[in-house]
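Trainee: Starting from these lines, generate the structure:
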Amino acid sequence: MYVSNCRAVVRRPLFLLYSSFTPSPSIIVFFPGCSVVIGWTTHLSPDVERRKGRRKRALCCSIGLDFNRVTSTQKTHHQPTFLGICCVWFPVSYFFAHNLPLAHTMILWGRVSRMLVSGAFASWILPVALSQETLDYGYIPSVVQTILTSNMSSQPQRPRFRKIQSFQADYAPTSITQYESERSGMQVIVADRKGPKINGYFTLATEIFDDSGAPHTLEHLVFMGSKNYKYKGLLDKLAGRAYSNTNAWTAVDHTAYTLETAGWDGFAQILPVYLEHVILPNITDDACVTEVHHIDGEGNDAGVVYSEMQALQYSSNELMDIRARRLLYPENIGFRYETGGMMEALRVLTPDRIREFHKAMYQPQNLAIVITGEADHDDLLRILDEFEESIKDDIPPPNPNFKRPFVDSPQPPPLEKTTVETVEFPEEDESTGEVIVAFFGPSCIDQVLGTAMNIIMTYLCGSSVSVIENTMVEKEQLASSVSYWWDSRPNSVIWFQPTGVATDKLAFVEQRLITILKEVASKPLDMAYIKEVLQREKRQVQLQAEGSEQFYATNIITDYLFGKRDGSTLKDLESLEEYDILDKWTDEQWRDFLKKYISDAHHVSILGKPSHELAKKLKANEEARIAKRKEELGEEGLEALKAKLESAKQTNEKPIPPEVLDQWAVPGTESIHFIESLTARSGKARSLGVQKNEAQKIIDEAAKGLPLFVQFEDVPTNFVHLTVHIGMSKTPVKYKPLLGLFAENFFNSPVMRDGKRLEFEEVVKHLERETISYHISSASRLGDYEGVAIQLQFEPAKYETIISWLRTLMFDIVFDPVRIKAATVKALADIPELKRDGRSMAQEADLAIHFKPEAYLYAKRTLVKAVYLRRLKKLIEKEPETVVGWFEELRKSLFTFENLRVLVTANVAQLENPVAAWDALTSVPDIDSSKEVSPIIKLSEMLNEEGKAPGSFGSVVIPMTTLDSSYSVSTATGIQSYADPRLPAYLVALGYLEAVEGPLWNAVRGNGLAYGVHFSREIDGGYIQFKVYRSPDASKAIEASRAIVSKLASGEESFDRHLIEGAVSSIVSGVADEQSTMSTAAQQNYVISVVRGLEAGWNRKILERVRNVTQDQIRAVLKEVILPVFEPGRSNVVVTCAPIMEEVSFPPFSSVEKLMLIGCVCRISSRLSQRGVTRPKCSNCRTFTMITGSRLPRARKRMTRKRKMKTTRMWRWVVVRRNLTPRRRIKAVSSGCVWGVLEGEEESAFTDESVGREHE
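Mentor: Numbering: from 1, shown residues only. Next up is the predicted model:
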């Protein structure tokens, strides 16, 4: 209690009330001269809330001494008085005051004494419901009567969870503890590991025997409220204020609800509320209308779940996967079915069916609470014990005959024959398809056989030197890659997937794969390579156990689903003993294993064939279905459906009373333990400043070397995480499109080492032997979009060896035309599949509009590569020396002293010769160590004129036959500097808008307008983007978002204090995410200090600033920065959608006639000269293109053919911006198409000779 909250002080000399439990309105009564504390307070009790489901006043009476408010000497003085008065005076005085029978007085006396001696009564709180606002003493008999009639056994006792086991992993700093409830059978498994994040996975095994989608819809409905918290969004608003994020996923065999929190305090606060939502959800008909499926007033299908599955059902992966499962499993096996829900089933799914599924599956005895992070075990068990007590009357008792899903169900029979089927999927580009091949494998709970499966599949397909990958991809070039994985099940499923396969070779490739598998099993294996794979796999497991937040959670969930509940199979996580066992396997054992499960086993193969006819058929069928529905419903029916939807929205969006949220205070940040990484610098890096710490002392005392820019991050890791950050300031624009192929060949080319040529297979084997992982990619993860990053992980003892190999790869690589051609063919084979992704194609178009052609982001676009690589493939056959020369020039432009920055994340004390070892890299003749390091190119420098001031381009709509939904990207000018004083308000405003159950969530997802919307904030680029994901109609999602942002900016709608608190907490959580592991914490230090040039600890300081943001500042930034992304003339919009949606309007842009319907994604046109001009088929994808532009004078057009490429003569307007001489005045946007339209003249966008000079 806090005195400042008291409403009255009653001076009758009986009690001194004391409480330190609640800041709610309370009453204090003083007894002169006594130190006895007996107190009561009226407050909102969470216990009463849970039991009654509504707000109640309760009385809390506590007896104790205020040890928090007295000094140590006072404690000694008052203790005897306290015990004497409570044990003697209180019962006797009460006896005289109320004529209590002497026997009852003695019982009261004895019980109070025992409570005090045991220490229980000092913190005991007795809730008694009150109906009156003011207190009178009539309540005292009821208090005493409760004490008299209470059973001492009902006092706080140990939680009823027994510890099954606890063990320490011997390969990572993690301990695992397993508990089980003695009341319900619920299991709790905690993996304790250091870090700021606590991750919870509340997992239920879920089995169903139809395609209704009940498991998936239930996953969504859980967040709509619970029995005692009947408010949609309450859980997420609480989580938002407690540095937490909630989410969930539905797999074919389980549903998992996640809680990610920074620090234990927030996790502990949300946990019981979350669990009640899972076990006692409030599944209403109205919630099913908006969240699952509904028909809107125009006769179209919508709903959050429906929109999600609409975007997936006719994708190639989904169609092939569901057909494979139909062939693998009979009808009585749950793995056969689509738990996400088929669209036709979702349209008829009823709330009652969902409730039945919840009743059958969502029982505590079928629930595992999996937690990773720094957990407080005592607090956790107390919370769970109280939770089980609160729901005991609402759930059935544990069923001793409960059948575990999948484990106690019938198991799938072995395949009796091999089946090969063709499945068509909608696609205009019919050039390439896909293949998947499935086998039944060993049980996932057999640790030895499961690990053997990982090793044998890596041996077959793991890298460019593996048997299948080397044969089918590198040599025969039948596929762009061969992927592999296996599903963890009692009878696991092994999958192989050749991708980028020519459509006319699908059957041949499937047969070739099986033939190779049989050939491998018929001959002795390369046992030396098998052992290398085994040891590398073991090192990778150790690295993942240390650095991955999901590693233990994934393994624990699998064990809970299919392992033994007594913990015996979970204990396999204690060690990596299985690798020692497999290290002793002979060639015969490995081949027997391969034959049993793969080469000699029956299998199911699906050939995925693209079909333009199917795309047109699906569109026609959907149009006919909607038309028929509209005719059947009529105007009255549609109006009724519209009214039903509006009613459901109003019910679901019932506001949460502020006093309900106020029951939970915003937790402190004391329990958030950020990972500390000590920064040390050498060479040119010292110019950024040197800190005084142990790591810097080690570096300063180490042997000196050449002044290469090296930043060390000292963390207690067992591995070295090495990043070589390479700038591209010296790289010619004409070579930037080669960077993808350069990266593909960097680790897969011959090299000269010690005077000898090593072929690429030997190079790869050496790298696999020395490292844990290695790759080269864009440096975007470092915040540098115009750079390249080479990253390797390895053991500290191999530090100098890896540096030596880097030198070899960077300066002694041999570019082989055969290897370059193989990489080119693979990349080309992947392009059709990449162009089927509506989300990425929308982003591609946006990049074309806003970035300069010389930007790396622009150069690596799929649509640019589609053209460039085709020309390159031809040229390498005719002039291989020319292409090799380009690669050599690109290498020289990258690996210069001024371009190199190095980040070493390690336990610095374990590194031998940490500084001078780098001389091996920089002491080559081509390196000039006297030069200064080149500045990092800022993203904003790569924007074109439209990118610097978006708005003149308007909107673009791209129909795609592979889509059943729509995606959009809207771009406007944003915050352009981390020093901008508006930045804290900007971050809070975006956090406010994007909050789960926040304004945008409720306006868009809550109304079934899209699966999700979010902002992408690029401060380095100086722009802001608004993105719509999986929407039945992106225009409606954009308009709804614009409306709510406009209301907030104008003040028409007021801010929610709790959401602002949640926005601030989300920023804290975001900082914890960036530093969740040792390697990410170290990398974040590098990004802040080196890439962004900010002071050390900047992220901690911004946390202090966001807490002081005012509502006026938020409103100002909404008006100035965020609202323009929805306004015509200040933003550009790109939409990809299903062809049936192309007749779409954009209310925000209704006054701007710049809508373009582009029927293929091979190009992005600029404004053309006449509305409705139909152009001939695109030479790339052979589809017609319809373009609609502004009203302009009639165009003159002429089509010619030259080298199988089309050119166009257009008046006034241009399509492609290229690297042209200054005299050619271009009014255009960037494009990656083969089309080229120049002002007043005709020219193709590409000629064979232009490759390497102009990468458009």
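Trainee: I'd like the domain boundaries of the chain, if you could list them.
Mentor: The record's domain parsing of the chain by automatic domain parsing lists 3-154, 161-408, 419-610, 678-940, 943-1152.
Trainee: who wins for proximity to P667 among those domains?
Mentor: domain 161-408 (3.9 Å; CB to CB). Any C-beta I mention is one placed from the backbone N, CA and C, and that applies to glycine too.
Trainee: now the end-to-end length of the closest one.
Mentor: This stretch, domain 161-408, spans 25 Å end to end (CA to CA, to the nearest Å).
Trainee: thinking again about what came up before, quick one, which of the domains of the chain is nearest to T651?
Mentor: Closest among the domains of the chain, using CB to CB: domain 161-408, at 4.3 Å.
Trainee: average pLDDT across the host helix or strand of V188?
Mentor: Using DSSP states H and E, V188 falls within strand 187-192. Averaging pLDDT along strand 187-192 gives 97.
Trainee: thinking again about what came up before, so which of the domains of the chain is nearest S671?
Mentor: S671 lies closest, by CB to CB, to one member of those: domain 161-408, at 3.7 Å.
Trainee: I'd like the distance from that closest one to the chain centre, please.
Mentor: 17 Å (CA atoms, centre = their mean, to the nearest Å).
Trainee: Could you dump the domains of the chain into TSV with mean neighbour count and distance to I626 added?
Mentor: Listed next are these as TSV, based on neighbours: other CB atoms under 10 Å; distance: least, CB to CB, whole Å:
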stretch	mean neighbour count	distance to I626
domain 3-154	15	42
domain 161-408	20	6
domain 419-610	19	18
domain 678-940	19	20
domain 943-1152	20	8
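Trainee: weakest of those domains in terms of mean pLDDT?
Mentor: Taking the mean pLDDT of those, domain 3-154 comes last: a mean of 40.
Trainee: dump the residue contacts of the residue nearest to G266 when sequence neighbours are not counted.
Mentor: Closest residue in space to G266, ignoring its immediate chain neighbours: A242 at 3.5 Å, by CB to CB, 6 or more residues apart in numbering. Shown in contact with A242 (CB atoms under 8 Å, 6 or more residues apart in numbering): T261, D265, G266, F267, Q269, I270, W664, V666, P667, S1065.
Trainee: what are the phi and psi angles of A242?
Mentor: Backbone torsions of A242, given as degrees, to the nearest 10, read phi -110, psi 30.
Trainee: quick one: it from V188, how far?
Mentor: 20 Å (CB to CB, to the nearest Å).
Trainee: now A779
Mentor: For A779 relative to V188 (CB to CB), the value is 42 Å.
Trainee: try A311
Mentor: Taking CB to CB, one finds A311 at 36 Å from V188.
Trainee: name the element L645 belongs to?
Mentor: helix 612-652.
Trainee: swap that for R901, please
Mentor: strand 900-906.
Trainee: separation between G1070 and Y986?
Mentor: Counting by CB to CB, the separation of G1070 from Y986 is 14 Å.
Trainee: likewise E308?
Mentor: The spacing between E308 and Y986, counted by CB to CB, is 30 Å.
Trainee: gap between D286 and G225?
Mentor: D286 is 11 Å from G225, where distance means CB to CB.
Trainee: Let's verify V1133: helix, strand, or coil?
Mentor: strand (DSSP: H, G, I helix; E, B strand; the rest coil).
Trainee: isn't it right next to G951, touching?
Mentor: No - contact status for V1133 versus G951: not in contact, 10.4 Å apart, counting by CB atoms under 8 Å.
Trainee: all strands for the stretch 201-350 of the chain, in order.
Mentor: With DSSP state E, counting those that start in this stretch as the criterion, the stretch 201-350 of the chain has strands at 244-250, 254-262, 294-295, 301-302.
Trainee: Y978 is nearest to which of these?
Mentor: Comparing the strands of the stretch 201-350 of the chain by CB to CB, strand 254-262 comes nearest, at 21.9 Å.
Trainee: Can you name the residues in contact with that closest one?
Mentor: Residues contacting strand 254-262 (CB under 8 Å, 6+ apart): 196-206, 215, 218-219, 222, 239, 242-249, 267, 270-271, 274, 278, 557, 561, 669, 672, 1068-1069, 1071-1073.
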